[in-house]
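*Asks:* Provided below for reference: sequence and predicted model.
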There are 2 protein chains.
Amino acid sequence: MAQVPTTASPPNLQELLSRRASDLPAPRIGDPRKSAELISFFAGFPDPGSLPADEVAAATVRALAKDGQWALQYGNGTGYPGLVDVLLAKLKRDQGIEAGRENVLITAGGSQAMGLVLDAFVDWGDTVITEAPTWMGAVRAFANVGAKPVAIPVDDEGTDTDALERELGRLRDEGIQPKLIYVISNFQNPSGISTSLARRQRIIALARQYGTLVLEDDAYSDLRYSGERIPPLYALDEGGSTMYLGTFSKIMGAGMRLGWLIADPEIIKRLAVLKIDGGTNVFGSHVAAEWLPEHLDAHVARLKAIYQRRRDLMLQALERHMPEGTTWTRPDGGFFIWVTFAEGIDTTRMLPQARERGVEFLPGPTCYVDGRGQNQLRLSFSFAADEQIEPGIRIIGEIAKGELLEAGRGSRGGSRSTRSS
Amino acid sequence: MAQVPTTASPPNLQELLSRRASDLPAPRIGDPRKSAELISFFAGFPDPGSLPADEVAAATVRALAKDGQWALQYGNGTGYPGLVDVLLAKLKRDQGIEAGRENVLITAGGSQAMGLVLDAFVDWGDTVITEAPTWMGAVRAFANVGAKPVAIPVDDEGTDTDALERELGRLRDEGIQPKLIYVISNFQNPSGISTSLARRQRIIALARQYGTLVLEDDAYSDLRYSGERIPPLYALDEGGSTMYLGTFSKIMGAGMRLGWLIADPEIIKRLAVLKIDGGTNVFGSHVAAEWLPEHLDAHVARLKAIYQRRRDLMLQALERHMPEGTTWTRPDGGFFIWVTFAEGIDTTRMLPQARERGVEFLPGPTCYVDGRGQNQLRLSFSFAADEQIEPGIRIIGEIAKGELLEAGRGSRGGSRSTRSS
């Protein structure tokens, strides 16, 4: 990744920077408007057309008429209680999570919750355990705090718990206490795979046995299009070792920047002291608390119809256009399909060719803490319009076939997926 | 300060915590609704009645009609460009700050900007320079990251730059590089004092000479009720050593949780990578960008009338009710008056008595990095209603006189302030 130039205007800047800031990549262009200029399978952006602007406008008018004096004031450090209560009812009904106000911290999206957890548990050089592949934001967050990530492979049933046990044992032999195990339990980002119930129970038991914590990231569980719901690790864990991270970004609007952490009160208390930003988005919290009870269910139903259709369109297009030897996952929900090409293909090299032809995707190495995944890529089916999916996948397939021809093992044949979730 | 109990539910929690989280005070009750039950001079909360709920509701409807698809989507990592441009125009007009988009990071209030700056420059045990007294949030933020604060006294002209130069020299002799000098330039929190132009120029020169940075906190500069505007350090600094922190909390609504950092692009680039929360409050940023051009000036004019009146009411009440030997500041703006009692008075001991009688204030020691200020307190005149101010100050005066009598040097006489800003 390109480094920030080291010639800075303030004298002595290099000498003043902390370890966190001294070796950083250039900022990613994070603007969805840029992606909208392409057929974009790049990011986990919600479908633009589905965002409930009119409902949110009406909810804002109501929320401010009711309680404007407090909606525009500083807030409670752990979050607006009105939103906390709506969230607790939703988590109990939909996720089977029993929790009280003392277990909740409202955060600026799930990503701020993750940042706070890392601040609270990771000193520079500490070890954390994570899935491989995993969310690129987690890869960045671990690097920011100097965490040493140990990667556990994800297979068709999710986190490979045999590998997890081996690594926990190895670390113990080396006298290393891993601080937490980071697991994306449903429709994992980027693989689309959900960790099975048996695996979830084993992860909890292993965390307990090895005296570490679990950070469960469950950003997508409401967006299931097929298969049976599996209880979150948080609901299965009777030992209080699991922290549960979620967000309204995918089910209401990412622009609200509202997420949460559910955890033991002793952990929440500490995070609330480390979180010095004056209370998360008080205005947006009042609006969300007004919008959610009336609109969440109908909105999620709309979203599921849209995303299921796009998932199916993308799976069909992959069948049609991917070169032989290519495999991909068949997610039961979420936003992502994970594609694995034959060895020798370099998806990072493919990206500029794709962008030149008006298509973008996420190259695999961004999803690994150790730069693996050269022949893999993540496709998001949430953002591009229905009619863009087939042409976009066709272009990616053509570029891949060209790469294979160059690599001298080309083929025009169809493909068969050998991997599914 | 009370410590979080160390018997935590998850096994092994104490062993897993980072340095940042292992020794924290209990979370502060940060809920303004609680303060509203008292005559509260405690916090820097805006006047509840002044918050522009109707205007913000109307602006939200307009913003979402115009651009709802993007207001509810993930945002640009450095902030919504529409808000950045409005902010740049305002800073140029009102603060004389010349900056471009590349100098701006939109943050969750000024406090998140401070947290990011500390993450980017402070490793555990690093030295920072700060005013004494200073903002209690800064005291907390320094402790969270393990910064070693060196305190520079504030006198009637602001930061004592002779003391600053002595400390910079001493640190250099000891081979210690301070990472930054934290200065609240206008109507300082908590003293109410503004640093003079000559002092501002000397701070910049000293920062340059000693190869460190300045973090200027200017949350209150638009709320000036008397005296001449003084240019911010950022506008005076031609060397790029100053970072300028501000907020919409005091001039629009704290509930928006919108603030900013203006700094050299090399610094902004790094902070944008460390800031992993998916873009600051995109929804609120679109609303603010819609509200500000039409309403900011009239709203600030309304606020100045309210707060100037309350400042004057409080100064009159202090003259009337404070025991002899008490001094206080006369701020030209902002929210705060800083009261110094005769030696021997303990404002921390006074607080429960005051709360019992329905009044609250901020005890002095919370505003020092070394627990000084036992005989001092901060009064905020922003939140309590006009008619509450005189009775509230009377009660504080009565409690103070009682404490003095106990200390055997009581007096019923009036007072003369010997200190002013």
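*Replies:* Okay, I see it.
*Asks:* is chain B contacted by the helix or strand bottoming out on mean pLDDT in chain A?
*Replies:* Least confident helix or strand, chain A: helix A:32-35 with a mean of 81, by mean pLDDT, DSSP states H and E. Yes - legend: contact between helix A:32-35 and chain B by C-beta under 8 Å from any C-beta of the partner chain is shown at A:P32, A:R33. (C-beta placed from N, C-alpha, C; glycine too.)
*Asks:* Stretch A:134-151 now?
*Replies:* Yes - applying C-beta under 8 Å from any C-beta, one finds stretch A:134-151 in contact with chain B at A:G137, A:R140, A:A141, A:N144.
*Asks:* Just the CA coordinates for that stretch, please, in CSV.
*Replies:* Provided in CSV are the C-alpha atoms of stretch A:134-151 (Å, rounded to 0.1, in the frame of the first residue of the first chain):
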residue,chain,number,x,y,z
THR,A,134,-11.7,-11.3,7.4
TRP,A,135,-13.2,-7.8,7.2
MET,A,136,-10.6,-5.3,5.7
GLY,A,137,-11.6,-2.8,8.4
ALA,A,138,-10.5,-5.2,11.1
VAL,A,139,-7.2,-5.7,9.3
ARG,A,140,-6.7,-1.9,9.4
ALA,A,141,-7.9,-1.6,13.0
PHE,A,142,-5.5,-4.3,14.2
ALA,A,143,-2.6,-2.6,12.4
ASN,A,144,-3.5,0.8,13.9
VAL,A,145,-3.1,-0.5,17.5
GLY,A,146,-0.1,-2.7,16.8
ALA,A,147,-2.0,-5.9,17.4
LYS,A,148,-0.3,-9.1,16.2
PRO,A,149,-3.1,-11.0,14.5
VAL,A,150,-3.0,-14.8,14.4
ALA,A,151,-5.1,-16.0,11.4
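*Asks:* And that stretch, what's buried?
*Replies:* Neighbour-count burial for stretch A:134-151, counted by 16 or more other C-beta atoms under 10 Å in any protein chain shown, picks out A:134-145, A:147, A:149-151.
*Asks:* pLDDT averaged over the lengthiest helix in chain A - what is it?
*Replies:* Criterion DSSP state H: the longest helix present in chain A is helix A:282-321. Helix A:282-321 carries an average pLDDT of 98.
*Asks:* who in the stretch 151-300 of chain A is up against chain B?
*Replies:* With C-beta under 8 Å from any C-beta as the criterion, the stretch 151-300 of chain A meets chain B at residues A:177, A:179-180, A:208, A:211-213, A:239-241, A:249, A:252-257, A:264-267, A:269-274, A:276-284, A:286-287.
*Asks:* can I see the domain layout of chain A?
*Replies:* Listed by automatic domain parsing, the domain ranges of chain A are A:28-51+A:300-420, A:67-295.
*Asks:* how long is stretch A:261-278 from one end to the other?
*Replies:* Chord length of stretch A:261-278, first to last residue, is 17 Å (C-alpha to C-alpha, to the nearest Å).
*Asks:* and what of stretch A:119-131?
*Replies:* For stretch A:119-131, the first-to-last residue distance is 20 Å (C-alpha to C-alpha).
*Asks:* Buried residues in that stretch, which are they?
*Replies:* Using 16+ other C-beta under 10 Å as the test for burial, stretch A:119-131 gives A:D119, A:A120, A:F121, A:V122, A:D123, A:D126, A:T127, A:V128, A:I129, A:T130, A:E131.
*Asks:* residue contacts, the third one?
*Replies:* By C-beta atoms under 8 Å, 6 or more residues apart in numbering or on different chains, A:F121 lies in contact with A:K179, A:L180, A:L213, B:L16, B:L17, B:S18, B:A21.
*Asks:* Let's see that with 6 Å instead.
*Replies:* A:F121 is in contact with A:K179, A:L180, B:L16, B:S18, counting by C-beta atoms under 6 Å, 6 or more residues apart in numbering or on different chains.
*Asks:* sorry, back to before: tell me which of the residues of stretch A:134-151 next to chain B fall in helices.
*Replies:* A:G137, A:R140, A:A141, A:N144.
*Asks:* wait, A:M350 sits on A:E398?
*Replies:* No - applying C-beta atoms under 6 Å as the test, A:M350 and A:E398 come out as separate, 10.4 Å apart.
*Asks:* Look at those two and report which has more neighbours.
*Replies:* Between A:M350 and A:E398, counted using other C-beta atoms under 10 Å in any protein chain shown, the more crowded position is A:M350 (21 against 15).
*Asks:* and the closest residue to A:P323 other than its chain neighbours, what element?
*Replies:* Leaving aside its sequence neighbours, A:P323 sits nearest to A:K401 (C-beta to C-beta, 6 or more residues apart in numbering or on different chains; 4.7 Å). Assigned by DSSP states H and E, A:K401 falls within helix A:386-406.
*Asks:* export that helix as CSV, just CAs?
*Replies:* Extracted in CSV, the C-alpha atoms of helix A:386-406 (Å, rounded to 0.1, in the frame of the first residue of the first chain):
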residue,chain,number,x,y,z
ASP,A,386,-29.9,-5.5,-10.8
GLU,A,387,-29.2,-4.8,-14.5
GLN,A,388,-25.5,-4.0,-13.8
ILE,A,389,-24.7,-7.3,-12.2
GLU,A,390,-24.6,-9.6,-15.3
PRO,A,391,-22.5,-7.2,-17.4
GLY,A,392,-20.2,-6.5,-14.5
ILE,A,393,-19.5,-10.2,-13.8
ARG,A,394,-19.1,-10.8,-17.5
ILE,A,395,-16.3,-8.2,-17.6
ILE,A,396,-14.5,-9.7,-14.6
GLY,A,397,-14.8,-13.1,-16.1
GLU,A,398,-13.3,-11.9,-19.4
ILE,A,399,-10.4,-10.3,-17.6
ALA,A,400,-9.8,-13.4,-15.5
LYS,A,401,-9.8,-15.6,-18.7
GLY,A,402,-7.3,-13.2,-20.3
GLU,A,403,-5.1,-13.5,-17.2
LEU,A,404,-5.3,-17.3,-17.4
LEU,A,405,-4.4,-17.3,-21.1
GLU,A,406,-1.4,-15.2,-20.3
